[in-house]
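need a 3D model of the sequence below.
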Amino acid sequence: MLSKPETIGEWSPALQEKKQRLTAQARACAGWAALEEHDKVLDMACGDGDLLRRLGENCRLTLCGMCESPDQARNVREALGEADVISARMDDIPWRDGTFNAVLLPAVLRGEDFRRALGEVRRVLKAGGQFVLAAPMRLFRGEDGLTRRETMRLLQENGFREVSFRAGFPCGVIIGWKKKEEKGAAR
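The predicted structure follows:
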């Protein structure tokens, strides 16, 4: 039997607590992101904005997110206030080159979609910026996607350095840092 708040959609503490729980991938991204005050962060799969909300509670950050639908983006913008949340495809990130200190991807991308999105991640990250990708461990074993080693190799081939893997349950995390500009390089 449904309780009255669940039936008519009213707010209740239990529903609010359930709503604000992070997925395992979002928790992993939040836990491994090396963020400093005033960093600009992009959540490439912000869903309901729960990860952005959590990050904003813990540190003064400029929060940006991407959603699949315009309605979802509008709802997250309204819920978070100052966050810049838009509807966009992961292989066409509509921010300028070198915008973000960190890009988080608490979702699963496969094959060619991942390769295209990775190029966009590298483009929008600042030199020395961090990319954090979290996915269920079964996917890093090659079930329905790239293996952990293949994913790490792709990051390295796309200009990321110090690429590392953190195993956990139920998900793992791959972290890569965009190479810093070399001294004397043209700007």
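
could you measure from Glu37 over to Thr62?
Going from Glu37 to Thr62 by CB to CB, to the nearest Å gives 11 Å. (C-beta placed from N, C-alpha, C; glycine too.)

neighbour count: these two, which is higher?
Neighbours per residue (other CB atoms under 10 Å) separate Glu37 from Thr62, with Thr62 holding more: 16 against 7.

leaving out the residues flanking it, which one is nearest to the more buried one?
Using CB to CB, 6 or more residues apart in numbering and skipping the chain neighbours, the partner closest in space to Thr62 is Lys40 (4.2 Å).

got phi/psi on the one you found?
phi -110, psi 120 (degrees, to the nearest 10).

report pLDDT for it.
Lys40 carries a pLDDT value of 97.

and the contacts of whichever strand or helix holds Glu150?
Using DSSP states H and E, Glu150 maps to helix 148-157. For helix 148-157, contacts defined as CB atoms under 8 Å, 6 or more residues apart in numbering pick out 114-115, 118, 131, 133, 140-142, 146, 163-165, 172, 174, 176.

got the buried residues for it?
148, 151-152, 154-155 (16 or more other CB atoms under 10 Å).

for the longest helix seen in the chain, packing partners?
Secondary structure of the chain per DSSP state H: the longest helix is helix 111-124. Helix 111-124 sits against strand 100-105, helix 148-157, with contacts defined as 3 or more CB pairs under 8 Å, 6 or more residues apart in numbering; DSSP states H and E.

now do it and helix 148-157, the angle between them.
Going by axes from the mean of the first three to the mean of the last three CA atoms, to 10 degrees, helix 111-124 is angled at 40 degrees with respect to helix 148-157.

now for the nearest residue to Asn101 once chain neighbours are set aside, how many residues are close by?
Distances taken as CB to CB, 6+ apart place Asp39 nearest to Asn101, at 3.8 Å, with adjacent residues excluded. Applying other CB under 10 Å, we find 20 residues neighbouring Asp39.

ok, residues contacting the helix or strand that the helix holding Glu150 is followed by?
Scanning forward in sequence from helix 148-157 by DSSP H and E, the next helix or strand is strand 160-166. Outside strand 160-166, the residues that touch it by CB under 8 Å, 6+ apart are 28, 32, 122, 131, 140, 148, 152, 155-156, 172-179.

next step: the residues you listed restricted to strands.
131, 172-178 (DSSP state E).

what's the most distant pair in these?
Greatest spatial distance in these: Gly172 and Lys178, 20.7 Å, computed using CB to CB.

with pLDDT and distance to Thr99 added, can I get the buried residues of helix 148-157 in CSV?
Formatted as CSV, the buried residues of helix 148-157 follow (pLDDT from 0 to 100; distance: CB to CB, whole Å):
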residue, pLDDT, distance to Thr99
Arg148, 87, 28
Thr151, 89, 23
Met152, 92, 24
Leu154, 90, 22
Leu155, 92, 19
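
where does this protein have low pLDDT?
Applying pLDDT under 70 to the chain flags residues 1-20, 143-145, 182-187.
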